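1. Structure of the sequence below:
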Amino acid sequence: MTAPSKDTLEARLHYPQGDALPEPGRALVVAPGVKWLRMRLPFALDHINLWLLRDTLDGIEGWTVVDCCVARDEARAQWEDVFDQELDGLPILRVIVTHMHPDHIGLADWLCQRWNCRLWCSATDYHTARLASQSTTGFGGERAAAFFASHGMTAPDDLEKIRQRTGYYPNLVPSVPMAYRRLMDAQVVRIGGRDWRCISGFGHAPEHIALYCGELQTLISGDMVLPRISTNVSVYDTEPEADPLKLFLDSLEKFLPLPEGTLVLPSHGKPFTGLHERIQQLKDHHRDRLAEVMQACSQAPSSAMDIIPVLFTRALDLHQMTFAMGEAVAHLHRLWFDGRLQRELCADQIHRFRAT
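-> Just a heads-up that it's a prediction; the model follows:
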C-alpha cells in the first residue's frame, strides 16, 4: 500500500492565510494582537517563523517576541526593519524562546541587550544553550565524529568535517543572556491581557515550550507540530543511549485536548488548522518508518548508516546527513528499547541492530 504523499496529507489541513507570506522585515496579523514574522535561514530549511505578541508588562505597553532567528547580519537587519515598521513605536518587553536550537535562540542575547529586557525559556534549554554557545554540544567535534563512526559513518572526509565543526553552535549562537526567567509545563504567562499556557515537549529539544491561548484558540507550536515536514528527532553523542522518539510521540498526546479548530502557529511552514489531523499524520509517519526499519533489520543486522536510505530517499548534504544519522539512531533505539531489536557492537566497532 502506497503511503500518502506530503501534498495529499497537507491538503487535509487548512491554511487561513492562504499563500500569503510576510515580506522581509514586515509582519502579517494572524490573530488579535499576534503578528507573524518570517526570516531567512542559511540552510535547506530556509526560513523560520517568529511571533510578535502585543503586551503590557509592569505597566509598560509594548511587545513580546517569540523566537529570534540565528545570529547573522541579515537577520539583525531584518529585525531593525521590524523595529522601525512593526512595533508602533513601542518597545520589546521580553523575549520568549521555545527551545535552544540556533534558529530559535541565536539572537536572544542581542535582542535582550538591545531592548534591556529578559529572556524567558525552560531551564533545561537555557542551560544547554549556555553550555553549547561556550563549547560544542552534540553538533560537532571529536566526540560527535566518534559517535557517528560508531553508527556506521566511515567516510574519512565526512568524519573530518564533523571533527572540524567545533564552532557550529557558537557561530550561530555566540552568546546567551546571563540571566533568564524560567518557563515550566502548565505555567500560565499573561501576555497582552490574555493567558498563554506553557506545554512542554520532549524528544526534539531538551525541554521545548509551546504556548496555547484558550481565548484566541491559538497555539504557538514551535517545532513540536509542523504542517508539512516531520520534526527532527535525534540521538546525540551527549546522550548516546537516548530514546527521544518515545519522548516526542508521548509529548504529542499533550496537544490532543486542544480544540481541533485551534490555529497552529508553527516555526516552519504556514499557520494552519487541523491540529488533530496533523498529530495523527505524524504518528502514522513514525509508525510506518519504524515498520520499515524493523523490516530492514530483520533481513540483515543494520547500522544507522544502513538505515538512512530506508528513511530518506533524497540526496543529503553533510549538514542534512548529521540530522539523518540522529534520526536513524532514534528509530533504531525506539525498537531496541521496545525489545524488538538487539544491539551489538561488532568487531569493527560499529553498532548494528538485528531482530530479536
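2. pretty sure Pro240 contacts Ala146?
-> No - counting by C-beta atoms under 8 Å, Pro240 sits too far from Ala146 to count as a contact (9.8 Å). (Each C-beta comes from the backbone N, C-alpha and C, glycine too.)
3. quick one, helices of this protein?
-> For the chain, helices defined by DSSP state H occupy the ranges 6-10, 73-85, 102-105, 108-115, 123-134, 142-150, 156-163, 168-172, 244-252, 275-299, 304-311, 318-337.
4. closest one to Asn49 among these?
-> Among the helices of the chain, helix 102-105 comes nearest to Asn49, with 10.0 Å by C-beta to C-beta.
5. Counting by contacts, list what that closest one packs against.
-> helix 168-172 (3 or more C-beta pairs under 8 Å, 6 or more residues apart in numbering; DSSP states H and E).
6. Flag every buried residue along the helix it packs on.
-> Within helix 168-172, the residues that count as buried by 16 or more other C-beta atoms under 10 Å are 168-170, 172.
7. and which of the residues you listed is nearest Val329?
-> Tyr168 (18.7 Å).
8. Please report how far that closest one lies from Val264.
-> Going from Tyr168 to Val264 by C-beta to C-beta, to the nearest Å gives 30 Å.
9. Next: His14.
-> Going from His14 to Val264 by C-beta to C-beta gives 10 Å.
10. list residues touching both of the two?
-> Between them, His14 and Val264 have 272-274 as joint contacts when contacts are counted by C-beta atoms under 8 Å, 6 or more residues apart in numbering.
11. just the CA coordinates of stretch 267-275, formatted as PDB?
-> Only the C-alpha atoms of stretch 267-275 are listed here, as PDB (Å, rounded to 0.1, in the frame of the first residue of the first chain):
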ATOM      1  CA  SER A 267       8.100  27.600  13.400                       C
ATOM      2  CA  HIS A 268       8.300  26.400   9.800                       C
ATOM      3  CA  GLY A 269       5.600  26.400   7.200                       C
ATOM      4  CA  LYS A 270       2.400  28.400   7.300                       C
ATOM      5  CA  PRO A 271      -0.200  28.900  10.100                       C
ATOM      6  CA  PHE A 272      -2.800  26.100   9.800                       C
ATOM      7  CA  THR A 273      -5.800  24.500  11.400                       C
ATOM      8  CA  GLY A 274      -6.300  20.700  11.600                       C
ATOM      9  CA  LEU A 275      -4.200  20.000  14.700                       C
END
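12. Please compute how far that stretch lies from its chain's middle.
-> Computed by C-alpha atoms, centre = their mean, to the nearest Å, the chain-centroid distance of stretch 267-275 equals 14 Å.
13. List the contacts of it.
-> Residues outside stretch 267-275 that contact it (C-beta under 8 Å, 6+ apart) are 12-17, 21, 30, 36, 45, 47-49, 67, 98, 103-104, 219, 221-223, 225-229, 255, 258-266, 278.
14. which residues of the chain score low on pLDDT?
-> In the predicted model of the chain, residues 1-3, 136-138 satisfy pLDDT under 70.
15. who's in contact with the spatially most central residue of it?
-> Among the residues of the chain, the one closest to the centroid is Asp223, at 3.8 Å (C-alpha atoms, centre = their mean). Asp223 makes contact with 98-99, 101, 104, 204-205, 208, 231-232, 266-268, according to C-beta under 8 Å, 6+ apart.
16. and it, how far is that from Pro257?
-> 20 Å.
17. what's the burial count for the closest residue to Met153 other than its chain neighbours?
-> Distances taken as C-beta to C-beta, 6 or more residues apart in numbering put Met305 closest to Met153, at 5.4 Å, once the chain neighbours are dropped. Residues near Met305, counting by other C-beta atoms under 10 Å, number 20.
18. In this structure Met305 contacts Ala324, no?
-> No - between Met305 and Ala324 no contact is recorded; they are 9.4 Å apart, counting by C-beta under 8 Å.
19. Could you dump the helices of the chain into a markdown table with distance to Leu93 added?
-> What follows is those, written out as a markdown table (distance: least, C-beta to C-beta, whole Å):
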| stretch | distance to Leu93 |
| --- | --- |
| helix 6-10 | 36 |
| helix 73-85 | 13 |
| helix 102-105 | 18 |
| helix 108-115 | 8 |
| helix 123-134 | 19 |
| helix 142-150 | 38 |
| helix 156-163 | 40 |
| helix 168-172 | 25 |
| helix 244-252 | 29 |
| helix 275-299 | 29 |
| helix 304-311 | 43 |
| helix 318-337 | 34 |
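20. Give me whichever of those is most buried.
-> Most buried of the helices of the chain, by mean neighbour count (mean count of other C-beta atoms under 10 Å): helix 102-105, with a mean of 27.
21. Identify all contacting residues around that helix.
-> Contacts of helix 102-105 (C-beta under 8 Å, 6+ apart): 41, 48, 67-71, 97-99, 121, 125, 129, 169, 172-173, 176, 222-223, 267.
22. Also stretch 19-30?
-> 16-17, 35-40, 52, 77-78, 80-82, 85-86, 218, 263, 265, 270-271.
23. and if you look at stretch 170-178?
-> Stretch 170-178 is contacted from outside by 70-72, 102-103, 105-106, 108-109, 112-113, 118-119, 126, 129-130, 132-136, using C-beta under 8 Å, 6+ apart.
24. Apply 7 Å and report the result again.
-> Defining contact as C-beta atoms under 7 Å, 6 or more residues apart in numbering, one finds that stretch 170-178 is touched by 70-71, 102, 105-106, 108-109, 112, 119, 129-130, 132-133.
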